[in-house]
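K.L.:
please work out how this folds:
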Amino acid sequence: MNVLDMDARRRVVEMARLAPSAHNTQPARWRFEGDGSILLMGDVARRLPCADPTDRDFALSCGAALEGTVLALGALGIGVAAVEEAPGPDASPALRPMARLIAHGATTADPLARWIDDRHTWRGGFADPGHEATQALGRWASTVDDTHLVTVPHDRAWLADLADRATVGFLRDREWRKELCRWMRLSRRHPQYERDGMNREALHMGVLEAAGAHAVLGGAFPWLDRLGLATALVGERARSVTASAIVLLHRPAEESPLQSGRVLYRRWLELTSLGFAAWPMSAAIDDPSAAEEIASRLSLPAQRRLLAALRVGKSAGTAPARVRLPVDVLTAA
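P.N.:
Below you'll find the predicted structure:
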């Protein structure tokens, strides 16, 4: 078993923390044990009780961080002999054990590790990636059995409308809106602006747009909804339809969320390696009726769970700076 020194531990967390998480909540925490194992835990204070009452997204986020840890170890030439999910209770009620990794032996770096720094969520409009990249995307989709590529404009527009309807449906829940707003950083004065959540740059909002979002998602939403204006104000259709394709990821229904999170991260990195940025359509997946409509209309395989719907294309601008918590905060004693 490999026992990592302090420098190696820091480097592992620095890379692993770049994994995606719902609302950029960053629930994953790392503890390096004396026996050389690495305990990955989830900070329960970063759960989303309204948006994620079953903690599935919490586990998916930790699963992505788990895959990030494996990739980070590999980048240091360190192999992983075993991964144990749900390794038992922990002394701290604030941290939920999610997985234990046994670092052992030597290995070569996974080619996907080189794309970790480039991967990002792009919430702006997309540019045309060009014929060659589009062809490469199609070839990639044909080689993985958990992916359905939606390229027909009519189907992409239908998905964009469905996602907007699902979003408005969730926003009608006052507590859901409040929870979302707690993770939006609409003012640079917010103490967590450059640490977690979704700031103005990540949301592609200027000062006036941010002020408008604060008003719309606050007390004005019920009135705007009654007037039939909610979808027009919060909808993402105009940007969604600029995507070159929508990638639907589906996994075995019985697969653990932790494992699904690992796969989701790898697929996103594969898209990054092809030159594509991605933007999840989370509401369309979280709404059971919307997810069922997608599976039915697009004839997804039976006994599969829809894991993600990613709008993909070429970023029409500069990627926003990555917002992450410091390594010291993410490393548990």
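K.L.:
only C-alpha atoms for contact and neighbour calcs from this point on.
P.N.:
Fine.
K.L.:
domain map for the protein?
P.N.:
Domains of the chain are assigned by automatic domain parsing as 6-115, 126-315.
K.L.:
now the ones you listed as a markdown table including distance to residue 321, mean neighbour count and mean pLDDT?
P.N.:
Output for the domains of the chain, formatted as a markdown table (distance: least, C-alpha to C-alpha, whole Å; neighbours: other C-alpha atoms under 10 Å; pLDDT from 0 to 100):
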| stretch | distance to residue 321 | mean neighbour count | mean pLDDT |
| --- | --- | --- | --- |
| domain 6-115 | 12 | 19 | 95 |
| domain 126-315 | 8 | 18 | 97 |
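K.L.:
including distance to residue 326, could these go into CSV?
P.N.:
As requested, the domains of the chain are exported to CSV (distance: least, C-alpha to C-alpha, whole Å):
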stretch, distance to residue 326
domain 6-115, 8
domain 126-315, 8
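K.L.:
so for residue 328, which of those sits nearest?
P.N.:
Evaluated over the domains of the chain, closeness to residue 328 peaks at domain 6-115, with 8.4 Å, by C-alpha to C-alpha.
K.L.:
what is the end-to-end distance of that closest one?
P.N.:
Domain 6-115 has an end-to-end distance of 25 Å (C-alpha to C-alpha, to the nearest Å).
K.L.:
and the helices in the chain?
P.N.:
According to DSSP state H, the chain carries its helices in the segments 6-16, 56-75, 131-143, 153-171, 174-182, 200-203, 207-216, 221-226, 230-234, 237-240, 257-273, 282-286, 288-297, 327-330.
K.L.:
can you add distance to residue 124 and give the ones you listed back as JSON lines?
P.N.:
Formatted as JSON lines, the helices of the chain follow (distance: least, C-alpha to C-alpha, whole Å):
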{"stretch": "helix 6-16", "distance to residue 124": "25"}
{"stretch": "helix 56-75", "distance to residue 124": "23"}
{"stretch": "helix 131-143", "distance to residue 124": "19"}
{"stretch": "helix 153-171", "distance to residue 124": "14"}
{"stretch": "helix 174-182", "distance to residue 124": "19"}
{"stretch": "helix 200-203", "distance to residue 124": "8"}
{"stretch": "helix 207-216", "distance to residue 124": "13"}
{"stretch": "helix 221-226", "distance to residue 124": "23"}
{"stretch": "helix 230-234", "distance to residue 124": "14"}
{"stretch": "helix 237-240", "distance to residue 124": "6"}
{"stretch": "helix 257-273", "distance to residue 124": "16"}
{"stretch": "helix 282-286", "distance to residue 124": "16"}
{"stretch": "helix 288-297", "distance to residue 124": "23"}
{"stretch": "helix 327-330", "distance to residue 124": "29"}
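K.L.:
right, and those helices - which one's nearest residue 29?
P.N.:
Closest approach to residue 29 among the helices of the chain is made by helix 327-330 (4.9 Å; C-alpha to C-alpha).
K.L.:
just the mean pLDDT for the closest one, thanks.
P.N.:
Mean pLDDT, helix 327-330: 98.
K.L.:
buried residues in that helix?
P.N.:
Of all the residues in helix 327-330, those buried under the rule 16 or more other C-alpha atoms under 10 Å are 327, 330.
K.L.:
can you pull the contacts of residue 105?
P.N.:
1, 2, 78, 79, 80, 81 (C-alpha atoms under 8 Å, 6 or more residues apart in numbering).
K.L.:
from residue 8, how far off is it?
P.N.:
Residue 105 is 15 Å from residue 8, by C-alpha to C-alpha.
K.L.:
can you check residue 53 too?
P.N.:
Using C-alpha to C-alpha, we find residue 53 at a distance of 36 Å from residue 8.
K.L.:
ok, the residue lying closest to residue 23 once chain neighbours are set aside - contacts?
P.N.:
Counting by C-alpha to C-alpha, 6 or more residues apart in numbering, residue 197 is the residue found nearest to residue 23 once chain neighbours are left out, at 5.6 Å. Counting by C-alpha under 8 Å, 6+ apart, residue 197 touches 23, 24, 25, 183, 184, 185, 323.
K.L.:
so the fourth one sits right up against residue 198, yeah?
P.N.:
If I follow you right, that is residue 183. Yes. Taking C-alpha atoms under 8 Å as the definition, residue 183 is a contact partner of residue 198 at 6.2 Å.
K.L.:
what residues are shared contacts of these two?
P.N.:
With contacts taken as C-alpha under 8 Å, 6+ apart, residue 183 and residue 198 have 23, 24 as neighbours in common.
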